[in-house]
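**Q** Build me a model:
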Amino acid sequence: MNNPICNNLRRINERIQEACRKAGRDPSGIILVAVSKTKPVSDVLQAINCGQFHFGENRARELQEKMGLVKQEGVAWHFVGPMQTNKIKFMVDHVDWIQSIYKKKYLDEIEKRVAGTGRTINTLVQVNISKEDQKTGCHPRDVPDILKHAQSLEHIRVRGVMGMAAHTDNTKEIRDEFKLLKAVFEDNLHLNGGAVDMQHISMGMSHDLDIAVEEGSTMVRIGTAIFGERDYGNS
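**A** Predicted coordinates:
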């Protein structure tokens, strides 16, 4: 199929397969989340026609709009943007994953909002692995406290951790940051129980997904390399 989005998805999957080959991993263990921020719903529908079913958004209202317009069965929606308490109400009816939890109060707000819907939402704890002030996320030492708080919740599942490496050409720095996130994940597996079921490490974007997969990522969040350049920022 001569479709740019399909071709891009094929290339991304080939990169994932090659990184898995180098690391001795099974590519089926990687979830590709296509981040469609600022892109039209028509691009999402094209990607679905190419066999892509996990989609991410950075803005709560844009997520709400797209979730309402895309009716295909089997589509999973991920919120991957900066978290604020007042954004949660726009997500809870349809979102499947919220990847950017870094404070206990966000878990409490989700629990309150979801309680009347009969749904359960998967969440990830975002860790600031690059130590950059402009990036949200908790300090690695705060993860145990967040997980312990989550254990007794009823409408949330904490499924792992998420992080963003520095946007740099220094591959050693990127690799070290991904190693840190994997270590945080492994160091907290003993807290599994109740609503905590740690299975996923979400790390890797368009410029560094290969390193992320080699270092143990189970979810990669890819935007630009699938949908093309945006009016602002990179993914």
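**Q** residue boundaries of the strands in the chain?
**A** Along the chain, the stretches classed as strands by DSSP state E are 31-35, 54-57, 76-79, 97-101, 121-126, 156-162, 196-202, 219-222.
**Q** and those strands as CSV, adding distance to Ile48, mean pLDDT and mean neighbour count?
**A** Quick note: C-beta positions are derived from backbone N, CA and C, even for glycine. CSV is the format used below for the strands of the chain (distance: least, CB to CB, whole Å; pLDDT from 0 to 100; neighbours: other CB atoms under 10 Å):
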stretch, distance to Ile48, mean pLDDT, mean neighbour count
strand 31-35, 9, 98, 23
strand 54-57, 8, 98, 23
strand 76-79, 11, 98, 22
strand 97-101, 17, 98, 25
strand 121-126, 20, 98, 25
strand 156-162, 23, 98, 24
strand 196-202, 21, 98, 20
strand 219-222, 15, 98, 25
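**Q** so which of these comes closest to Arg175?
**A** Arg175 lies closest to strand 196-202 among these, at 13.9 Å (CB to CB).
**Q** what packs against the closest one?
**A** Under the contact criterion of 3 or more CB pairs under 8 Å, 6 or more residues apart in numbering; DSSP states H and E, strand 196-202 touches helix 143-150, strand 156-162, helix 171-187, strand 219-222.
**Q** so which of those comes closest to Ile30?
**A** In terms of CB to CB, the element of the helices and strands packed on strand 196-202 nearest to Ile30 is strand 219-222, at 6.5 Å.
**Q** Of all the helices and strands packed on strand 196-202, which one is nearest Phe53?
**A** Going by CB to CB, the one of the helices and strands packed on strand 196-202 nearest Phe53 is strand 219-222, 13.3 Å.
**Q** where does the protein have low pLDDT?
**A** Applying pLDDT under 70 to the chain picks out residues 1, 231-235.
**Q** Which residues outside the longest helix along the chain are in contact with it?
**A** For the chain, the helix with the greatest residue count under DSSP state H is helix 4-23. With CB atoms under 8 Å, 6 or more residues apart in numbering as the test, helix 4-23 has contacts from 25-27, 29-30, 32, 34, 43, 46-47, 49-52, 209-214, 220, 222, 225-228.
**Q** from those residues, which ones fall inside helices?
**A** Using DSSP H, the contacts of helix 4-23 in helices are 43, 46-47, 49, 209-214, 225-227.
**Q** Of these, which is the most crowded?
**A** The most neighbours of any of the ones in helices among the contacts of helix 4-23, using other CB atoms under 10 Å, belong to Ala212, which has 29 neighbours.
**Q** if I pick it, what's in contact with it?
**A** Ala19, Ala165, Phe178, Met203, Gly204, Met205, Val220.
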